[in-house]
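>>> next one to model:
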Amino acid sequence: MNTSYSANTSRRAGYVLHVMTASGATAGLFALQAIFDSRWRDALLWLIFCQILDGLDGPIARKLDVTIHAGRIDGHILDLVVDYVTCVVVPIGLLARLELLPQNYETLIAGGILLTSALWFARTDQETHDHWFNGFPAAWNIVVPTFLILDLNAREVLIVSVLLAASQLTTIKLPHLVRVTDFRNITLPLTVIYLANLTILSWNYSDLNGSNPSLVQRVILLGFPAYLGVLSIWRTWFSDKTSTI
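Model prediction:
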């Protein structure tokens, strides 16, 4: 009796988690509506909310073992579908709507990003056995808000966007910020600081005046990606670990 009750509870909890994951798509719709209405601050905050949901559902899913208890829905496929909406479609919509790209080329470049991102999400070798991503993991929900907050010019946005989009088709290694064990005692605190900083800047963003980040906030926004770049170089070219899935 107790075993049956426990199994039913686990099953219900698993499906509730699936609903929580799927709700990210709805939050992405709210972000898109904010973009259509030129409410940039609201769009940034909805993207932060989607990021929080995405960060929570994975560890909870592993804890609940949803593959066994709520197996009718494939949590991995669900996560990929929602992530493509919230990490690619919505932020690229923001990128195009804000006219951050060179004039007359916005649609072409945005379409290219959607294309390479779709190919990345369909890769069978997204992660190595030690949880490093192969190629840039389509985290445009972080990249595009950074463009906006730092007020980069069209040329800078173009260069970074093309490089990141192209890297999605490579085997350059980038760390899963939670699951990679190498340098985790450094990466996790820096991740928390970076996301907290991005959240504060998004919260304080003015649709008229921007965010005007301080020197320290700029250093955090640029320093953390630089740190990840160093890790990427180390893992891709200097680590002797194999890259099997």
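>>> can you give me the helices for this protein?
For the chain, helices defined by DSSP state H occupy the ranges 2-36, 40-64, 66-69, 75-83, 90-97, 106-121, 140-150, 154-167, 184-203, 215-233.
>>> can you redo these as CSV with mean pLDDT?
Compiled in CSV, the helices of the chain are given as follows (pLDDT from 0 to 100):
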stretch, mean pLDDT
helix 2-36, 77
helix 40-64, 81
helix 66-69, 57
helix 75-83, 86
helix 90-97, 94
helix 106-121, 95
helix 140-150, 94
helix 154-167, 95
helix 184-203, 95
helix 215-233, 96
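>>> middle-most residue in the chain, spatially?
Nearest residue to the geometric centre of the chain (Cα atoms, centre = their mean): residue 139, 3.5 Å.
>>> could the helices of the chain go into TSV alongside mean neighbour count and distance to residue 133?
In short, each C-beta sits where N, CA and C put it, glycine included. Output for the helices of the chain, formatted as TSV (neighbours: other Cβ atoms under 10 Å; distance: least, Cβ to Cβ, whole Å):
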stretch	mean neighbour count	distance to residue 133
helix 2-36	16	19
helix 40-64	19	14
helix 66-69	17	21
helix 75-83	17	12
helix 90-97	22	18
helix 106-121	17	9
helix 140-150	22	13
helix 154-167	16	10
helix 184-203	16	13
helix 215-233	15	9
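>>> which one of those helices lies nearest to residue 173?
For residue 173, the closest of these is helix 215-233, at 5.8 Å, according to Cβ to Cβ.
>>> what's the angle from the closest one to helix 154-167?
30 degrees (axes from the mean of the first three to the mean of the last three Cα atoms, to 10 degrees).
>>> about what we covered before: out of the helices of the chain, flag the one nearest residue 174.
Of all these, it is helix 215-233 that lies closest to residue 174, at 5.2 Å by Cβ to Cβ.
>>> so how far is the closest one off the chain centroid?
The chain centroid and the centroid of helix 215-233 are separated by 16 Å under Cα atoms, centre = their mean, to the nearest Å.
>>> again, but for stretch 199-214
20 Å.
>>> what is the end-to-end distance of it?
Distance between the two ends of stretch 199-214: 14 Å, counting by Cα to Cα, to the nearest Å.
>>> not counting it itself, show me its contacts.
Residues outside stretch 199-214 that contact it (Cβ atoms under 8 Å, 6 or more residues apart in numbering): 38-41, 44-45, 47-48, 145, 148-151, 217, 221.
>>> and residue 178, how many neighbours?
13 (other Cβ atoms under 10 Å).
>>> surely it and residue 188 touch.
Yes: under the criterion of Cβ atoms under 8 Å, residue 178 makes contact with residue 188 at 7.3 Å.
>>> how near is residue 192 to residue 198?
Distance, residue 192 to residue 198, using Cβ to Cβ, to the nearest Å: 11 Å.
>>> would you check that residue 232 makes contact with residue 173?
Yes: contact criterion Cβ under 8 Å: residue 232 and residue 173 qualify, at 5.8 Å.
>>> still on that earlier bit, adding distance to residue 134, write the helices of the chain out as JSON lines.
Compiled in JSON lines, the helices of the chain are given as follows (distance: least, Cβ to Cβ, whole Å):
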{"stretch": "helix 2-36", "distance to residue 134": "23"}
{"stretch": "helix 40-64", "distance to residue 134": "18"}
{"stretch": "helix 66-69", "distance to residue 134": "23"}
{"stretch": "helix 75-83", "distance to residue 134": "15"}
{"stretch": "helix 90-97", "distance to residue 134": "21"}
{"stretch": "helix 106-121", "distance to residue 134": "9"}
{"stretch": "helix 140-150", "distance to residue 134": "17"}
{"stretch": "helix 154-167", "distance to residue 134": "10"}
{"stretch": "helix 184-203", "distance to residue 134": "18"}
{"stretch": "helix 215-233", "distance to residue 134": "11"}
